[in-house]
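Peer 1: pasting the sequence and the predicted model now:
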Amino acid sequence: MNLRSSRLLRKLRAGQSATCLKMNLGDPRVVEIAGLAGADAVWLCNEHVPNDWLNLENQIRAAKLYDLDTIVRVAKGSYSDYVKPLEADATGLMVPHVTTADEARQIVQMTRFHPLGRRAWDGGNMDGKFCLVPVAEYLQHSNTERVLILQIESPEALENVEQIATVPGFDGLLFGPGDFSHLIGRAGQVDDPDVVAARRRVGAAARANGKFAMSAGMFAPRGVLESEGYRVFNVGADVLGVGNYFRAKIGEFGPA
């Protein structure tokens, strides 16, 4: 019985860049639209969005119809919050607000199977085809075809980013310019020189340690970001697309 490989990892291993779309809306049909549009992955948020586990399963199921990866940003800190998306067959996790190498090692321990980590295994859920996959195949696949991304979002994390990037067992770093700019007193100023320098430092740390960097948005031209080490690009969000479309339509209608 075939286990689905990661589309994002396939592209990265082939030397290509990959695209992602962020989902704030919970409707699995929006995930289907992202798949139809040709994205490589969707970013499902369980940190800021009031999603539930059964709906998350349906979003993941919708994505698989279109060979679309699902990267779930988890609520930070809980072992169960980390493992449940994987057992629902999410392609990967994004862990917010990582600040130290020790923290990165703990996350790897919770989310990777032996010999990379100490994740407890069940196999009776969607990711293990409900116990219909041999155990050794399931464990190997989970360690090689599931993506783990750590977010660097604060000045404290930036000071430790080179040490964080050396930790084995995770795949990529995502620089969060929103929280970083806010924490240095320049909220939303993603073009501020200190924010740009932080973005470049995260990209360089990832590249130097054989990991990819992921951009939370197109904050510079693609070529510039790729030269900085960025290979996965979040190119838009459902709420922005819907909001801008609605506003444009109301504007086209004109005043009374």
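Peer 2: Ah, there it is. Residues are numbered from 1 along each chain as shown.
Peer 1: got the contact list for N160?
Peer 2: Going by C-beta atoms under 8 Å, 6 or more residues apart in numbering, N160 touches 99-101. (Glycine included, C-beta is placed from N, CA and C.)
Peer 1: from these, which is closest to A220?
Peer 2: Nearest to A220 among those: T99, at 24.9 Å, using C-beta to C-beta.
Peer 1: what's the local residue count around that closest one?
Peer 2: T99 is flanked by 20 other residues according to other C-beta atoms under 10 Å.
Peer 1: now it: how far from L183?
Peer 2: When distance is defined by C-beta to C-beta, to the nearest Å, T99 is 11 Å away from L183.
Peer 1: overlap in contacts of these two?
Peer 2: Counting by C-beta under 8 Å, 6+ apart, the residues touching both T99 and L183 are S154.
Peer 1: hmm, V147 is touching I71, no?
Peer 2: Yes - look at V147 against I71 with C-beta atoms under 8 Å: they come within range, at 6.4 Å.
Peer 1: have a look at the two and say which one is more surrounded.
Peer 2: Ranked by neighbour count (other C-beta under 10 Å), V147 and I71 place I71 first, with 28 against 23.
Peer 1: list of residues touching the helix or strand harbouring L174?
Peer 2: Element membership for L174 (DSSP states H and E) is strand 172-175. If you take C-beta under 8 Å, 6+ apart as the criterion, strand 172-175 is touched by 94, 147-153, 161, 164-165, 198-199, 202-203, 205-206, 211-216, 231-232.
Peer 1: next helix or strand past that strand?
Peer 2: Immediately after strand 172-175, counting by DSSP H and E, sits helix 177-183.
Peer 1: who are the packing partners of that next one?
Peer 2: For helix 177-183, the elements it packs on are helix 155-159, helix 193-208, judged by 3 or more C-beta pairs under 8 Å, 6 or more residues apart in numbering; DSSP states H and E.
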